[in-house]
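**Q** take a look and give me a structure for this.
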Amino acid sequence: MNIDIHTEHVAMQPEWQEMIETWLEHCRWRHPDVQDIDLSLRHAEQGRTAEAVNVVAQARGRSLRAGTRATSMSTALYDALDTLERELLLNEAIRPGLAPRQ
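**A** Predicted coordinates for the structure are as follows:
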């Protein structure tokens, strides 16, 4: 799996790195058909929901996307990865191929 992480106007924090690594470990085991993950963490200069996360996964010939905004980066990151997990499960349900691991 190829993983690309970008940050914009924000420095990577250890707790975010740990959250990403834990999710990637789960993803490798649960979704072996995921080929690429592109993760972007961005802080806007203004607004209540200035923290933003966008994540894209390439799996089974599809590009699956999730994006969130929140008041904290941890919340935005958690929500984006949770949403992507649901997208991956849906993709597996509608496009059977590799059997997911239980």
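**Q** quick check: Lys71 touching Gly47?
**A** You called it Lys, but residue 71 is Thr. No - contact criterion C-beta atoms under 8 Å: Thr71 and Gly47 do not qualify, at 9.5 Å. For the C-beta atoms, the positions are set from N, CA and C on the backbone; glycine is no exception.
**Q** what about the helices in this structure?
**A** The residue ranges that make up the helices of the chain, judged by DSSP state H, are 14-30, 73-94.
**Q** so which of the ones you listed is the most packed in?
**A** For these, ranked by mean neighbour count under the definition mean count of other C-beta atoms under 10 Å, the leader is helix 73-94 at a mean of 17.
**Q** hey, C-alpha coordinates of it in CSV?
**A** Once side chains and other backbone atoms are set aside, the C-alpha atoms of helix 73-94 remain, and they are given as CSV (Å, rounded to 0.1, in the frame of the first residue of the first chain):
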residue,chain,number,x,y,z
MET,A,73,-7.7,18.2,14.1
SER,A,74,-8.1,15.0,16.2
THR,A,75,-11.9,15.2,15.6
ALA,A,76,-11.6,15.9,11.9
LEU,A,77,-9.1,13.1,11.5
TYR,A,78,-11.2,10.6,13.4
ASP,A,79,-14.3,11.5,11.5
ALA,A,80,-12.6,11.4,8.0
LEU,A,81,-11.0,7.9,8.7
ASP,A,82,-14.3,6.6,10.1
THR,A,83,-16.2,7.8,7.0
LEU,A,84,-13.5,6.3,4.7
GLU,A,85,-13.9,3.0,6.6
ARG,A,86,-17.6,3.0,5.8
GLU,A,87,-16.9,3.8,2.2
LEU,A,88,-14.5,0.9,1.9
LEU,A,89,-17.1,-1.5,3.4
LEU,A,90,-19.7,-0.2,1.0
ASN,A,91,-17.4,-0.6,-1.9
GLU,A,92,-16.7,-4.2,-0.9
ALA,A,93,-20.4,-4.9,-0.6
ILE,A,94,-21.3,-3.6,-4.0
